[in-house]
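# from the sequence below, what's the structure:
(chains A, B, C, D, E and F)
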6 protein chains.
Amino acid sequence: MLQPPSFQWNVRDKTNEPKVHEWIQTLDMQSGGPVDWSGIDVTLLGIPLSRSSISASAASENPDAMRRGWKYFTTYNLDEDVDLSVLRVVDLGDVRQHVTDIPTCHRNIMEAMVAMRTHHPNTFPLMIGGDHSITAMLVRGWKQAHPQERIGILQLDTHFDLRSLEDNGPSNGTPIRNLIESGVVKGEDVYNIGLHGFFNAKSLRDYAHQAGLHFTTLKAARRIGIDNVIQDALRQLSRRTDTIYLTVDMDVLDISVGPGAPASTPGGMRTDELFEVVQLAGSCPKVRAMDIVCLDPYQDIARSTIKAGVHVMLSFLTGFVQRKMLQVEGDVE
Amino acid sequence: MLQPPSFQWNVRDKTNEPKVHEWIQTLDMQSGGPVDWSGIDVTLLGIPLSRSSISASAASENPDAMRRGWKYFTTYNLDEDVDLSVLRVVDLGDVRQHVTDIPTCHRNIMEAMVAMRTHHPNTFPLMIGGDHSITAMLVRGWKQAHPQERIGILQLDTHFDLRSLEDNGPSNGTPIRNLIESGVVKGEDVYNIGLHGFFNAKSLRDYAHQAGLHFTTLKAARRIGIDNVIQDALRQLSRRTDTIYLTVDMDVLDISVGPGAPASTPGGMRTDELFEVVQLAGSCPKVRAMDIVCLDPYQDIARSTIKAGVHVMLSFLTGFVQRKMLQVEGDVE
Amino acid sequence: MLQPPSFQWNVRDKTNEPKVHEWIQTLDMQSGGPVDWSGIDVTLLGIPLSRSSISASAASENPDAMRRGWKYFTTYNLDEDVDLSVLRVVDLGDVRQHVTDIPTCHRNIMEAMVAMRTHHPNTFPLMIGGDHSITAMLVRGWKQAHPQERIGILQLDTHFDLRSLEDNGPSNGTPIRNLIESGVVKGEDVYNIGLHGFFNAKSLRDYAHQAGLHFTTLKAARRIGIDNVIQDALRQLSRRTDTIYLTVDMDVLDISVGPGAPASTPGGMRTDELFEVVQLAGSCPKVRAMDIVCLDPYQDIARSTIKAGVHVMLSFLTGFVQRKMLQVEGDVE
Amino acid sequence: MLQPPSFQWNVRDKTNEPKVHEWIQTLDMQSGGPVDWSGIDVTLLGIPLSRSSISASAASENPDAMRRGWKYFTTYNLDEDVDLSVLRVVDLGDVRQHVTDIPTCHRNIMEAMVAMRTHHPNTFPLMIGGDHSITAMLVRGWKQAHPQERIGILQLDTHFDLRSLEDNGPSNGTPIRNLIESGVVKGEDVYNIGLHGFFNAKSLRDYAHQAGLHFTTLKAARRIGIDNVIQDALRQLSRRTDTIYLTVDMDVLDISVGPGAPASTPGGMRTDELFEVVQLAGSCPKVRAMDIVCLDPYQDIARSTIKAGVHVMLSFLTGFVQRKMLQVEGDVE
Amino acid sequence: MLQPPSFQWNVRDKTNEPKVHEWIQTLDMQSGGPVDWSGIDVTLLGIPLSRSSISASAASENPDAMRRGWKYFTTYNLDEDVDLSVLRVVDLGDVRQHVTDIPTCHRNIMEAMVAMRTHHPNTFPLMIGGDHSITAMLVRGWKQAHPQERIGILQLDTHFDLRSLEDNGPSNGTPIRNLIESGVVKGEDVYNIGLHGFFNAKSLRDYAHQAGLHFTTLKAARRIGIDNVIQDALRQLSRRTDTIYLTVDMDVLDISVGPGAPASTPGGMRTDELFEVVQLAGSCPKVRAMDIVCLDPYQDIARSTIKAGVHVMLSFLTGFVQRKMLQVEGDVE
Amino acid sequence: MLQPPSFQWNVRDKTNEPKVHEWIQTLDMQSGGPVDWSGIDVTLLGIPLSRSSISASAASENPDAMRRGWKYFTTYNLDEDVDLSVLRVVDLGDVRQHVTDIPTCHRNIMEAMVAMRTHHPNTFPLMIGGDHSITAMLVRGWKQAHPQERIGILQLDTHFDLRSLEDNGPSNGTPIRNLIESGVVKGEDVYNIGLHGFFNAKSLRDYAHQAGLHFTTLKAARRIGIDNVIQDALRQLSRRTDTIYLTVDMDVLDISVGPGAPASTPGGMRTDELFEVVQLAGSCPKVRAMDIVCLDPYQDIARSTIKAGVHVMLSFLTGFVQRKMLQVEGDVE
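Okay, here's the model as predicted:
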C-alpha cells in the first residue's frame, strides 16, 4: 500500500486559539448532513449580486473577499474581553445568481431568506452583499416567513435609498422605498443614521419627511453623541416592532477609511464610530437580522475596506455575545 | 449692457489641424435639427451596458472613457498619409439603458440599430461597447432592418463566445451562439481569429466544428502571416455574404498591452498586429458595421487600453478612407 | 429634411433636482452674449498654472478635474437644509497660460481679476488653482481694481508661504510675503490657521512675528475649538478691513484625506473640520473672494482629494447662502 | 433531524469541462489515504520560501497566488488541441518552513524531494517556488534519492545564479554554483538560455566559462531561432544525462510582461516565446522535474505575472501530454 | 592643469535653516575620525532586517526610506516652538546583516548596542527597524552593557508580541516574551498601550495577565485620555526602573494613516495621537533608548507611512529637547 | 580620543566587479580638484527641467531617478561581451535651474554645454533630461563652442517636435524647429526615426517635407529593417556633417514598455529595438553627444521605464566601447 510522502508541511502562524477562518464552519452542501443545526447561533450567507447597481460595481465579489479577509482576525475581542468562539457560526455559501435575469436573482435572494427562516427559525441570519438592492428582497423574505411581524429598519448609510422604482426598477438606490411602498415596512419604523453632505436630492428628503421616516445626519449625531442617537433608535424600535433589521451600507464610511465603497465620500463616519454603533446594535435583543452591502473589493486600497467590513461583522457579533450573556444572567426571554 | 470679462482664455495646444475630439461632431438631441444627414459617413454609438457580463465589469464606462481619450490623437495617420478629417463622423451619444431590466437594455440596443439603418441607411455604424452581449443585439437589429441580407461575422477575440444561452441567458459569453441558433447568421459565415491558450472549453471548440465556424488561433495565424489570414477571410466572406460585421473584443490583446480588458491574458495579440488587422478590414467594402467591446476603463493602467481602443477605431477608419479612395479611383459600386 | 434616429437615449440617474454639473452655468465665450449678468451671484474661474511650483506638480490639471468631480454631488446640503440652486453660478473657464513665460501667466491672472472686478463688481469670484503663487496675483488684481480698500487674508494652510522672492521668484512658497512686501496687504491683516508640525523653517516664523501676522497652529486651534478661532479671526478682520480674501491650500488636510495635495502631511486637518471652517467663512459678509489651490489630481487616490476639493467649494457656498438669507432677514447692506 | 436550507446555490460559470482548479486534485494530509498513487502523473509542490532572497521578496506567497490563479484557465489547449485532463495531477500542498531558521527550511525542501522520489518514483514533480535558492535543494534531494544518475539542468533565466556561497550563504543568487561546487551537477551539463543585458557581473561569466557551462543570450538565441537553441540543448543533454531538471526563473521575462518578478528587466523574453520553450521541454522524455521560481505576487500588476506563471505550468504540461502520446505511439521506454 | 566646468549647479529649495537631512550628520566610517563624540546627543542606527518577520515584509528597506523622507521636514517644530537643531544627531548607518543567517543578524544587532553603550554611554540611541524581532536584541544588548540596571518597556503596538519562541524562533511576534523569559525585563515593567480589536489571541492576553504585564487598549485609553495613560505609565516606570526603552510598532496606527505597516488595521491610532504620545515619552528623563519598527515602504501609499515614521522620530526629539531645557532650568541630574 | 563603535557594517550584494553606481565617478564640486580630466571619456549631466513641458510633467525628477536606477545594472554587457568599466565616466551633477524663470534655465543649459566643450573638448557629453526643450539649448551650446561645425541630428521620437515657437515659446514641442529656424541645424541634416500613428498634425508633416527633413515611420522602418534604416542615416550624416547629435525621446517606446513617458502610445517601439538602435549609434564615430528626454518617474510603473532609460544609456556606451576598440585596431582618426 502506498503512502503520502513523510516530510513536514508548512503551517504558518500556529496558535492554540482559532483565527476567524478556523472558527466559522462551512456547510458541505454535497453531503448535506454533517451540521447539527440545533446549536447554530448565526448563519452567514453571501449574496454575490451587483449588476442591479446604478453605477458599475464589483460588490458581487465581496462575499469571497470578506471570506479571504477572515484570516487576518482572531476570534477574541480584546477591547471587550469577549471571545466569539462561544458562538457557533455556519457559512452557508452564496445564493445562486443568474447572469442576465435580475428578477430571478432577486427572487432567489428572497427565497433564501424564507428557507432560512422556515427551516432554522432560531439562528441569526447575517448576509454579506452585494449591492443595497438585496436588502429589499431579504426583508420581504422575512415578512413572507413571518407575516404577522412588524419589522423595523436601522440603516447606517450616506444615502436615503428612497429613489423611485419607476425610473430604474429595484436598483441599489431604492430598497427602503421599495419596502415602504410595498407595505412591508412602515416609514416611521425606519431609522437612518449617518447621512451627510451633498449626496441626496432634496426631493428624497421631502419624501422621507412625508413617509414619517426618522433620520439623523452624521453632523447632528456627533453633536448629540452617536451612541445616544443609536440607543434611542433601538429603544423606540424595540418598543414598536417585533424585529429590527440592521443594514450597513459601507459607503457610510469616510472615503479615507472606506475607499472600496464606491459611493463613499469625504466627511463620512470613522471606523471606530461604526464599530461602536454596530456593537450596540448587536447587543439589542430585537435586532434579528443584518446585512453588510456596497463594498467593492476591486476598488479597495491596501485591503482597508475589506478589513473594515470584516471588523463590522465581528463587532456586531461581540454585541451579540454580550446580549446572550445578559440574557443568561437575567434569565430573560 | 454688460459684457464678459476681457482677459484672455487658455487654449492649450493650438494647431491648425483638428484633434479627434474637435473633428467628431456631436449630435444635439435637444434641438434635433442641425446635422445635415446627407453627407454623414460614419455614426458612432455608445452602448453603456455591462451588467450582462459574466464577471463584474465596468465596460459600461468605456464609451465615455474613449470619448475622453480622443483628445490624445490627431486625425492624421502619418504611417499611411491618410487624414481622417475627409470623413464626416457624428457621435450619436449612448443608447438608453435600464438599471435592473436587462431584456429592456437589449431591446433598446436592437432598436437603435434598426432606427439607424432605417433612417440613415448610407452611414457606417461604429458601436462602442459595453460587453460582448451587445453584438448579438446589434446584428439582430441589422437583420431586422435588412431581412434579405446574408450577414457574415469577422471576430477578433480570445474566446469563441459560444456558450449556451440556457445557462445564464444572453450574457457576454454567448453572442455568436445566439446569432447562430436564432438563424440570423450561419456558422460557416463566422471567422474568428486570435484565439489562443487555455481560455476556451473543449466542448466549445467541438460546437464550433459542428457549426462549421472558421477559426484560426493566434499561433497558427502568426505562422501563416496574420495579414494573409485576415485577407483570406475577408475575400471568402465578401464572396458569400452581403454584409460583414466586424467585432473586436479587446481581450484579444496580450494582457501587457490590454490590462483594461478584464479577460485579456498572456500570449495575446500585440497592438501593432491588431491595428494592422482592423485597417485591412476597414478597407474592405463589404465590411459595413463594427463594434469594439469588453474594455473596462476602471481596470486600465496608464490609460494604455483606452488609447489602444481609440487607435483601433482610428486604424479602422484609415482603412475606410482608403476604401473610399479606391472606390473613387475605380468608380466601383 | 432628414432626422436623427428615433430610439431612446441614455440618461443615467435622472432626478427632479439638479446635480452640481447641471446647475453651474458655463459661459459661451464664442457667442459672448447669452448670460444675463445682472443676477449672477458667483463666478468660477480656473487658473491652470503650476509650473511656478517648487516641486513638480500637476495642479494645473485641477480645474478640469474638479469640474469632472461636480457630477458626484447634488446641490442640496442635507446637514444644513440649504439648497445651493438658489444661487446663480457661472463658470468662466480658465485664464490663458503660457508654456514657458511665467511672468506672462501671472500677469494674465492679475488682469483676469481686474476685469472681473471692473465689469461685474457684484459677483463673488471663486478661483480654482493651480498652485499657491496665483493668490498673490489675484489679490494684487483686486487691489488694482479697488485701490482704496484694505484687504485681509484668511489662510488655511500647513505652511506660511512667506519664503523670500529673491531665491526663486514668485513661486508657490511666496504669495503672502509677496503681498506684504509689495504693500498690498498688511502683515497684521493676515490670519493663518492650520499650521502644524515640522514644515516651516524657524526663520519664516520669525518673519511672521516681525510682520505682525496672526497664526494659530492646528494643535492650538483644536485646544481652543477651531470654530472659535475662525470666528474670532473673521470678527477681527471684519472690523479692520473692507474685504477678506479666503485662500484654502488643500495641503492643510491630513495626508490620509488629502493624498492629492503633494505637500499634505500626517497630523493635518480632517475634512469635516475643513468643511465646517469654510462654511463659517462663507457666512461672513466681508469674505468677498476665495481660492482653492495646490490640489494635484495626478497624485490623488480614489478621487478622494478631488471630492474633498469640490466639497470645500460647496461648503463655502452653503455658508454663502446662509449669509444671503441673514442679509434678507436683517435687511442688511 | 434538521436539514440545510433548500434554496439554490451559486455556481458561476458552469461548463461540462473542468477548469484547472476543478481538475487538480488536492491531497488530504489528515486522512492520508484517499489518493490512489498508482495512476498519478504529476505532483505539484509549493515551496513558500523567500527569506533566502537577496532583495526583499514575497515570492513565498506565490504558491498560493498561483493556486488562486488556476481558475482563470481551462484544461484545454486550443493551440495544440491537447486536453490536460487526461493527466492525473495532485497538489501536495507546501513544504513546511521555519520563520527564522533558513537552514532548516532548506533541509525540509531537500527531504521533500527525497521523500517524493522514494515513495513515488514514477510521478513527475513540479515545484512552485519560492525564490531560486530552492533549486539547489531540490536537485540535491534528487541526487540523494538517485545517487547513480547524471543530472543536467536546463535553466531559463536572466541571471547565471553563480554567485559565491561564501558571501551570503545559499541565497537565491547561488543555486547553480551550489550544485556545481558540491559535485551534484557538472558545469558542462548546465544549459542557460535567456541571459541578456547588464545583469551579470563579468566574473560570473568567467566562472561560467571555466566551469564549462553552456549559455546562449536571448539576443543570440533569437538570431538562431529560440526553438533551435532549446531543441539542441535538449538533444545534447538527453544524450549525456539521465535526468534533465528544468528551472524557470520568471525574471527571464521582459518587465512589461513579468512585472511581478522583482528582477525582471527591459529587453527580456516575451510570454509567447517562453510558453513555446517550456512546451518543447515538456515533450522531451528526459525532462523529469521542473520548478518555477522568483514570482512575487505582491509586486504584480493586473495579475499578469501570475497568469503567465500558471500558463508556463500548463504549457509545460501540454508538452508532457504530447510526450506521453508519442511514447504510446512509439511504444518507447 | 584642467578644471571642472564653470557653470552653475542646481540647489533646489535653499533656505537659511536646515532641513532634517542637512542637520543630521553622517558618520564617515572610512576615515573614522572626523566626528567629535563628546557633544553628540543622539545616535541613529538603521537595522535593515525583516527576513525574521512572520509575513513577507520589506521593512528592511525602511531605514533607507526614512532617510530619503527626512528631506520633507524642517528641524523646527512650530507647534511647540522647539528647534531640533540645538541637538547634535549622528547617523551611524546600518548594522551589517547576513542574507541567510538570521542568528548572525541578531547577534550583530545586539553587539551594535553593546558597542554604542560601551564607547558612547552618554548618547541617546534611536534605532530604525526593521521588524519587531530587533527589539529583543537591542534590549539584551543594553542589559549586557549595563547588567545592574532594571529596564522597563513602553510599547505602542496593536499586538502583545508575546508569542512563544518555540514555534518559529525569535520572530517579530515574540520580542517582549523573549525579554521576559530570558529574565532581561520583568513582566510588571512592560506597559503596552494601543492594543485594540481582534488581533491578539486570548491565550496571549492570559499570558500577559500571568506575567503581570500592564496594558491599556486604545478604546480604554481614549476614555481615560491617552495623555493621562501615558504619563501614568511613565511615572510608574520612572519610579521603579533605571531605564525606559520606548518601542513604537507602526502598526499601532489605523490602516488609513499607516497603510505601509503591513499589520495595521481599521480602528487604530490616529497620527496626531501617536505624535503626542511619543513627544511625552521624549520629555521623560528615564526614557533612554527608542526604536521604530515594522514599517514596510514597499506597501506604503503616497509616502504617508514613511512621513508618519519620520514625524514620530521628530516628535520624540521635540520632547527630548524639552527634557533637556527642563534639566538645564532645574539643574537636575 | 573617542572612536566610532566597532561593530560591523552592512554591505549588501558585494561582488568583485562594479555595479554601475560604483563605476560612475561623481564630481566633488566643493573641492573642485580630485578628478584628473585628461582621461575622462564621458561626462554625464542632469538637466532637471520640465516646467517647459506642454503637459504637466515631472521629468525634472528623472536625472535623480535614473541615478537611483544605476544600481540595478552591472557594467558588463553579456550580449556583446563588452565591459563598460574600461571607460572613465564622470557624473557632473545637475545644471542649476530656477523655479519661475524658464529663460534663465534655458540659458544655464546652453552655457553648461559651452563650458563642457571649452574646458573638456575630448569628452563625450551625455545629457539626462528633463523635457525635450533642452535639446535645442544643448545643440545651440555646441554650435556656440564650435561655430564652424555642421551638426546633424539623429532623433528617435514618436513626434516631429516641429511646433511653432510663436504659440508657446521654446516648449518641449519645438526643439527641432527651434534649431532649424535659428539656422543652427539644416532641415536636411535631421533624421527622425520611430514616428507612428495619429500623434502628429498633418501641418507638421508638411513643414518637415518643406524643410527637407528625413523621417521614417516605425512601420516603414520595420518593413526595411530598423537596423538598415539607422545605419543608412548614420552613413549619410557622417558624410555630410562634422557632428551627429543623438536625441532619444523615451515616448518613442510603446506605452506598455514606457508607461513613464507621458506621451508614449500604443504601437510604439519595443525596448529590444531601441537598445539595438542606440548601440549602433554609439558605435558611429561621428556621434559626439546624446540626450535622453521626457521620462517622468512619477508616472512610471514597476520602475520599468526608468530601467529602460538606464539601459538606453548603457546600450549606447556599449557601442561607444566598440567604436573605441575599432579605432584602436584600425588606428583610425
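
# any idea which element the nearest residue to residue A:95 once chain neighbours are set aside lies in?
Spatial nearest neighbour of residue A:95, excluding adjacent residues (C-beta to C-beta, 6 or more residues apart in numbering or on different chains): residue A:112 at 4.6 Å. For every residue, glycine as well, the C-beta is placed using N, CA and C. Secondary-structure element containing residue A:112, defined by DSSP states H and E: helix A:102-119.

# just the angle for that helix relative to helix B:102-119, thanks.
Inter-element angle recorded for helix A:102-119 and helix B:102-119: 170 degrees (by axes from the mean of the first three to the mean of the last three C-alpha atoms, to 10 degrees).

# could you say what helices and strands helix A:102-119 packs with?
Packing partners of helix A:102-119 (3 or more C-beta pairs under 8 Å, 6 or more residues apart in numbering or on different chains; DSSP states H and E): strand A:42-47, strand A:124-129, helix A:133-145.

# how about those, which one is nearest residue D:323?
strand A:42-47 (42.6 Å; C-beta to C-beta).

# stretch A:314-332 vs chain E: in contact?
Yes - Stretch A:314-332 is in contact with chain E by C-beta under 8 Å from any C-beta of the partner chain, via residue A:314.

# so which bits of that stretch are buried?
For stretch A:314-332, burial by neighbour count (16 or more other C-beta atoms under 10 Å in any protein chain shown) applies to A:314-323.

# quick one: contacts for residue A:292?
Residues in contact with residue A:292, defined by C-beta atoms under 8 Å, 6 or more residues apart in numbering or on different chains, are A:66, A:126-129, A:248, A:250, A:309, A:312-313.

# which SS state does it fall under?
strand (DSSP: H, G, I helix; E, B strand; the rest coil).

# from chain D, how far off is it?
18 Å (C-beta to the nearest C-beta, to the nearest Å).

# could you find the closest non-adjacent residue to that residue?
The shortest distance from residue A:292 to any non-neighbouring residue, by C-beta to C-beta, 6+ apart, is to residue A:248 (5.0 Å).

# average model confidence for the helix or strand encompassing the one you found?
Using DSSP H and E, residue A:248 sits in strand A:243-249. Summarised as a single mean, pLDDT over strand A:243-249 is 98.

# the helix or strand just after that strand and chain E in contact?
Using DSSP H and E, the helix or strand that follows strand A:243-249 in sequence is helix A:271-282. Yes - Helix A:271-282 comes into contact with chain E (C-beta under 8 Å from any C-beta), by way of A:271-272, A:275.

# tell me the one of those nearest residue D:48?
residue A:271 (31.4 Å).

# wait, what's in contact with the closest one?
When contacts are counted by C-beta under 8 Å, 6+ apart, residue A:271 touches A:253, A:257, A:308, A:311, E:254, E:256, E:266-267.

# 7 Å - rerun?
A:253, A:257, A:308, E:266-267 (C-beta atoms under 7 Å, 6 or more residues apart in numbering or on different chains).

# just to revisit the earlier point, so the residue nearest to residue A:292 makes contact with residue A:312?
Yes - with contacts counted by C-beta atoms under 7 Å, residue A:248 reaches residue A:312, the gap being 5.9 Å.

# which of the two has more neighbours?
Set side by side, residue A:248 and residue A:312 show more neighbours around residue A:248, with 28 against 25, by other C-beta atoms under 10 Å in any protein chain shown.

# for the residue nearest to residue A:292, name its beta-bridge partners.
Beta bridges link residue A:248 to residue A:156, residue A:292 when assigned by DSSP bridges.

# could you list the low-pLDDT ranges of the stretch 1-150 of chain A?
By pLDDT under 70, the low-scoring segments of the stretch 1-150 of chain A are A:1-16, A:28-35.

# how about the residues of chain A by chain B?
A:50-52, A:54, A:56, A:58, A:60-61, A:98-102, A:168-171, A:298 (C-beta under 7 Å from any C-beta of the partner chain).

# what about the closest residue to residue A:113 other than its chain neighbours, how many residues nearby?
Spatial nearest neighbour of residue A:113, excluding adjacent residues (C-beta to C-beta, 6+ apart): residue A:141 at 2.8 Å. Neighbourhood size, residue A:141 [other C-beta under 10 Å]: 23.

# try residue A:195
Residue A:195 has 26 nearby residues by other C-beta under 10 Å.

# from chain D, how far out is it?
Counting by C-beta to the nearest C-beta, the gap from residue A:195 to chain D is 33 Å.

# surely that residue touches residue A:158?
Yes - Residue A:195 is in contact with residue A:158 according to C-beta under 7 Å; the separation is 6.3 Å.

# joint contacts of the two?
The contact lists of residue A:195 and residue A:158 share no entry, where a contact means C-beta under 7 Å, 6+ apart.

# pLDDT below threshold where in the stretch 201-333 of chain A?
Checking the stretch 201-333 of chain A against pLDDT under 70 turns up A:330-333.

# in it, what residue comes closest to chain B?
residue A:298 (6.8 Å; C-beta to the nearest C-beta).

# surely that residue is in a helix?
Yes - assessed with three-state DSSP, residue A:298 lies in a helix.

# burial measure for it, as a count.
Residue A:298, neighbours per other C-beta under 10 Å, totals 21.

# from chain E, how far off is the residue lying closest to it once chain neighbours are set aside?
On the basis of C-beta to C-beta, 6+ apart, the spatially nearest residue to residue A:298 that is not a chain neighbour turns out to be residue A:58, at 4.1 Å. The gap separating residue A:58 from chain E is 20 Å, by C-beta to the nearest C-beta.

# and the residue nearest to residue A:118 when sequence neighbours are not counted, how far from residue E:237?
Leaving aside its sequence neighbours, residue A:118 sits nearest to residue A:145 (C-beta to C-beta, 6+ apart; 5.9 Å). Residue A:145 sits 59 Å away from residue E:237, going by C-beta to C-beta, to the nearest Å.

# more neighbours: those two, which one.
Counted by other C-beta under 10 Å, residue A:145 and residue E:237 do not tie: residue E:237 has more neighbours, with 25 against 16.

# please name the nearest non-neighbouring residue to that one.
Nearest one to residue E:237, counting by C-beta to C-beta, 6+ apart, is residue E:152 at 4.0 Å.

# now residue A:323
residue A:283 (4.7 Å).

# I figured the one you found hits residue A:321, correct?
No - the pair residue A:283 / residue A:321 is not scored as a contact, 8.7 Å apart, by C-beta under 7 Å.

# got any residues that touch both of the two?
By C-beta under 7 Å, 6+ apart, no residue touches both residue A:283 and residue A:321.

# residue A:230: neighbour count?
23.

# give the contact list for it.
A:193, A:277, A:280-281.

# try it again with 8 Å
Residues in contact with residue A:230, defined by C-beta under 8 Å, 6+ apart, are A:154, A:193, A:277, A:280-281.

# for burial, what's the neighbour tally of the nearest residue to residue A:109 once chain neighbours are set aside?
Distances taken as C-beta to C-beta, 6+ apart place residue A:137 nearest to residue A:109, at 4.1 Å, with adjacent residues excluded. For residue A:137, the neighbour count with other C-beta under 10 Å is 28.

# for residue A:137, list the residues it contacts.
Here residue A:137 is in contact with A:106-107, A:109-110, A:113, A:170 (C-beta under 8 Å, 6+ apart).

# can we see that at 7 Å?
By C-beta under 7 Å, 6+ apart, the neighbours of residue A:137 are A:106, A:109-110.

# most surrounded residue in those residues?
residue A:109 (27 neighbours).

# I figured it hits residue A:46, correct?
No - using C-beta under 7 Å, residue A:109 is not in contact with residue A:46; the gap is 10.7 Å.

# circling back: adding distance to residue A:228, write the helices and strands packed on helix A:102-119 out as a markdown table.
Listed next are the helices and strands packed on helix A:102-119 as a markdown table, based on distance: least, C-beta to C-beta, whole Å:
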| stretch | distance to residue A:228 |
| --- | --- |
| strand A:42-47 | 28 |
| strand A:124-129 | 26 |
| helix A:133-145 | 25 |
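
# re the thing from before, centre of the chain to the host helix or strand of the residue nearest to residue E:237, how far?
Following DSSP H and E, one finds residue E:152 within strand E:151-156. Remark: strand E:151-156 is offset 11 Å from the chain centroid, using C-alpha atoms, centre = their mean, to the nearest Å.

# all good on my end, thank you.
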